[in-house]
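Novice: Got a predicted structure plus its sequence, pasted below:
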Amino acid sequence: MSKESIKEIDSRLKMAEDAEKEQLMKVYAPDDRAGVQKLLEKYRKQKEKLLAEKERLAKMRQYEEKYADHAFICGIDEVGRGPLAGPVVAGAVILPKECEILYINDSKKLSAAKRDELYDEIMDKAVAVGLGMASPARIDEINILQATYEAMRQAIGNLKVKPDLLLNDAVTIPEVVIPQVPIIKGDAKSVSIAAASIVAKVTRDRLMEEYDKVLPGYGFASNKGYGSAEHIKALQTLGPTLIHRRSFIGHFV
């Protein structure tokens, strides 16, 4: 039996690289102390979860691998088509080949804290990131679909590296000459689109939180401009603001 304390064993396992951790777990396996066995089970479960996550990510790289002959593959996604207030925001992200960002996923499936964490990792690892926005006034002027396309074109134009293939979440963007692959529910099927979805979502959420500071009473920090009960009540009592989409709020004011 090891003479090390359970706390010392835990510390060694926690600090060890994967290969060393495997060896240490074999070394400690004969230790029949309940605390040691509980520790080993914890690390076994961690390994199983990590393997499952890597398998999930492998499936999310299917399009990136299918089009691997393209040097710069860009994922495109948007957020904010449905809210009553605020802009629609598009993200464009080019990730390096073989880039691994654990737990990347459709931004809607992630907590706000996880999105923030992944946003930082994406911004650090990406070859290029571009953002585009269409204001509420522009949405009212040309409609939400055309405004979304405009924001997407802006995002592509703001990339510092020109992509040679676009992986889009569901849509084909007009007036873009770069080859496009529209993928239904692409933010859950492509790491590039998922990255774009996270960048766009975090950007828009932070913007709405700033709007909440200067336009209090509508709950923008929590509802992000969507039609929550609090938001609709504020619309009816306080009236619309400059960031409300007039073409979206006719039923409420």
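Specialist: Cool, got the structure.
Novice: How are the helices of the stretch 1-150 of the chain distributed by residue range?
Specialist: In the stretch 1-150 of the chain, the segments counted as helices under DSSP state H, counting those that start in this stretch are 6-15, 18-28, 34-60, 62-66, 112-125, 136-142, 144-157.
Novice: and stretch 100-114, what's its mean pLDDT?
Specialist: Throughout stretch 100-114, pLDDT has a mean value of 96.
Novice: What are the contacting residues of it?
Specialist: Outside of stretch 100-114, the residues within contact range by Cβ atoms under 8 Å, 6 or more residues apart in numbering are 50, 53-54, 57, 60, 79, 95, 115, 118, 121-122, 125, 185, 187-188, 191, 194-195, 197-198, 200-202, 205. All C-beta spots, glycine's among them, are computed from the backbone N, C-alpha and C.
Novice: so who does Ser5 touch?
Specialist: Under the criterion of Cβ under 8 Å, 6+ apart, the contact list for Ser5 is empty.
Novice: Tell me the pLDDT of it.
Specialist: Listed pLDDT for Ser5 reads 91.
Novice: Same check on Ser2?
Specialist: We note a pLDDT of 57 for Ser2 in this prediction.
Novice: So what's the residue count around the residue nearest to Tyr43 when sequence neighbours are not counted?
Specialist: Sequence neighbours aside, Leu13 is the residue nearest to Tyr43 in space, at 5.6 Å (criterion: Cβ to Cβ, 6 or more residues apart in numbering). The local packing count at Leu13 equals 18, with neighbours defined by other Cβ atoms under 10 Å.
Novice: who touches Leu13 in this structure?
Specialist: Contacts were defined as Cβ under 8 Å, 6+ apart; by that measure Leu13 touches Lys21, Leu24, Met25, Leu39, Tyr43.
Novice: Please pick the buried ones from those.
Specialist: The neighbour-count test (16 or more other Cβ atoms under 10 Å) applied to those identifies Lys21, Leu24, Met25, Leu39, Tyr43 as buried.
Novice: Tell me which two of those sit farthest apart.
Specialist: Across the buried ones among the contacts of Leu13, the two members that end up farthest from each other (Cβ to Cβ) are Lys21 and Leu39, 11.5 Å apart.
Novice: about what we covered before: which one of the buried ones among the contacts of Leu13 sits closest to Glu64?
Specialist: Nearest to Glu64, judged by Cβ to Cβ, of these is Lys21 at 29.3 Å.
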